[in-house]
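Q: Take this sequence and fold it.
(one chain, ligands or ions: 1)
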Amino acid sequence: MDTDFFSDIFNDVNNDSNILDMGLQECKCSACGSILNSKDKLNKCSFCGSENVISSQCSSDYTNTYIIPFMKNKEDAIKDYKKKVLFNPIIPMIFKKKSTISSCSKMYLASSLCDLHLGGTTTFIGIDKNDKNSQSKHEVVNTVNFDYNNVLVCDNSKIDGSSYFEICECNYSNLKEFDSNYLNDSVILFGDLDEKDICTKVSNLAVKTSLGMIRDNVQHDTKKLGKNGLVLDNFKRKRVLIPVYILNVKYDNKNYMYLMNGENGKSLINLTFGKIELAIVSLLIFGLIFLIAFLVAYFL
Ligand SMILES: [Zn+2]
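A: Numbering: from 1, shown residues only. So this is what the prediction gives:
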């Protein structure tokens, strides 16, 4: 895609940008690079927990920004998190520690709600198993038009895309114009992707979905994409702040994230098992089997 295309479509977004004084604080984390906005000054990063944060005056522009207010409270999130980890004996202890559980953050994720149109001609190559001449290929040409509305993507690369999709079916009729009164005790996590990245992310998603739909309608046994001539146009983006509860757990040099949608309560967690915990559980099971076998042998 050429640069003119991008500068054209982003002109809409960047119009009327006045920096509003919302009385917000800005904070940058030196450890993870997150930029956060909040009503009160932050002493540590709400995303990674690091205390290496630099505070500054908020320079963010919230014109043309919408927000979906929280419907779930922190207790709901903590209860749900506990249900997912507490009773599973092979999950590492660090997931169950009080300090881990209390690090749950209430956040608004900077996101983009996009509309776009995809159109063009695609060619699929189809081959049938029972063709007498197995070499014969069928060219299936389709000219298509797809309109996509309300495609939501996160503006932050630190949030895993598939986890985000899984929890983020929001109620878009509930969009409110941004007002700092919605923040209360929550913080806004800025996006680190620029407008081009976001457009590419949305476009890739839409192309993948569209090609999948076209492919499903090709009536041959095997089908391969020959030529993808889909072109994106009419891209529109709305900035939306999505309410979530986030809990980050570091274990064995890896990050595991719990995410809950603050509007509908949908949640998920990436889990792992602990080596020590697994060994203990295995020993207990082995011991139990041994004991039962012993008792059976002894009494029969
Ligand atoms: Zn951080």
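
Q: buried stuff in stretch 205-219?
A: Leu205, Ala206, Val207, Ser210, Leu211, Ile214, Arg215, Val218 (16 or more other C-beta atoms under 10 Å). For every residue, glycine as well, the C-beta is placed using N, CA and C.

Q: I misspoke; the intended subject was stretch 64-74.
A: Asn64, Thr65, Tyr66, Ile67, Ile68, Pro69, Phe70, Lys72, Lys74.

Q: just how off-centre is that stretch within its chain?
A: 16 Å (C-alpha atoms, centre = their mean, to the nearest Å).

Q: hmm, who's touching it?
A: 13, 16, 104, 106, 108, 113, 170-171, 174-179, 182, 186, 238-243, 245, 260-265 (C-beta atoms under 8 Å, 6 or more residues apart in numbering).

Q: of the residues you listed, buried ones?
A: Applying 16+ other C-beta under 10 Å to those flags 13, 104, 106, 108, 113, 170, 175, 178, 182, 186, 238-243, 245, 260-264 as buried.

Q: Just the ones of the buried residues of stretch 205-219 in helices?
A: Using DSSP state H, the members of the buried residues of stretch 205-219 that fall within helices are Leu205, Ala206, Val207, Ser210, Leu211, Ile214, Arg215.

Q: Show me the subset of these that also lies near the ion.
A: On the criterion C-beta under 5 Å from the ion, none of the entries of those sits beside the ion.

Q: need the residues of the protein near the ion, please.
A: Counting by C-beta under 5 Å from the ion, the chain sits next to the ion at Cys29, Ala31, Cys32, Ser34, Cys45, Phe47, Cys48, Ser50.

Q: possible to save the residues you listed as CSV with secondary structure?
A: Formatted as CSV, the residues of the chain next to the ion follow (DSSP: H, G, I helix; E, B strand; the rest coil):
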residue, secondary structure
Cys29, strand
Ala31, coil
Cys32, coil
Ser34, coil
Cys45, coil
Phe47, coil
Cys48, coil
Ser50, coil
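
Q: Pull out the buried members of those.
A: By 16+ other C-beta under 10 Å, these give Cys29, Ser34, Cys45, Phe47, Cys48 as buried.

Q: all strands of the stretch 151-300 of the chain, in order?
A: With DSSP state E, counting those that start in this stretch as the criterion, the stretch 151-300 of the chain has strands at 176-177, 187-189, 222-251, 254-261, 267-269.

Q: ranking those strands by burial, who's on top?
A: Most buried of those, by mean neighbour count (mean count of other C-beta atoms under 10 Å): strand 187-189, with a mean of 26.

Q: Run through the residues that contact Thr121.
A: Val141, Asn142, Thr143, Val144, Lys227, Gly229.

Q: pLDDT score assigned to the closest residue to Tyr164 other than its chain neighbours?
A: In space, and not counting its chain neighbours, Tyr164 is closest to Cys154: 4.8 Å by C-beta to C-beta, 6 or more residues apart in numbering. Confidence at Cys154, expressed as pLDDT, is 94.

Q: Over to Leu271?
A: 85.

Q: dump the residue contacts of it.
A: Contacts of Leu271 (C-beta under 8 Å, 6+ apart): Lys84, Val85, Asn88, Ile91, Phe95, Tyr256.

Q: I'd like the distance between Asn130 and Asp221.
A: 8 Å (C-beta to C-beta, to the nearest Å).

Q: Actually, Lys129.
A: Distance from Lys129 to Asp221, by C-beta to C-beta: 5 Å.

Q: swap in Phe165?
A: Applying C-beta to C-beta to Phe165 and Asp221 gives a distance of 31 Å.

Q: Between these two, tell me which one has more neighbours.
A: Phe165 (13 against 10; other C-beta atoms under 10 Å).

Q: I'd like the distance between the more buried one and Val240.
A: Taking C-beta to C-beta, one finds Phe165 at 15 Å from Val240.

Q: Out of the strands of the stretch 151-300 of the chain, which is closest to Thr123?
A: strand 222-251 (3.8 Å; C-beta to C-beta).

Q: and the closest one, which strands flank it?
A: Counting by DSSP bridges, the strands paired with strand 222-251 are strand 65-67 (parallel), strand 105-127 (antiparallel), strand 254-261 (antiparallel).

Q: start to end distance for stretch 33-53?
A: 9 Å (C-alpha to C-alpha, to the nearest Å).

Q: let me redo that: stretch 213-225
A: 12 Å.

Q: Any idea which residue is closest to the centre of this protein?
A: A centroid search over the chain (C-alpha atoms, centre = their mean) returns Tyr164, at 2.1 Å, as the residue closest to the centre.
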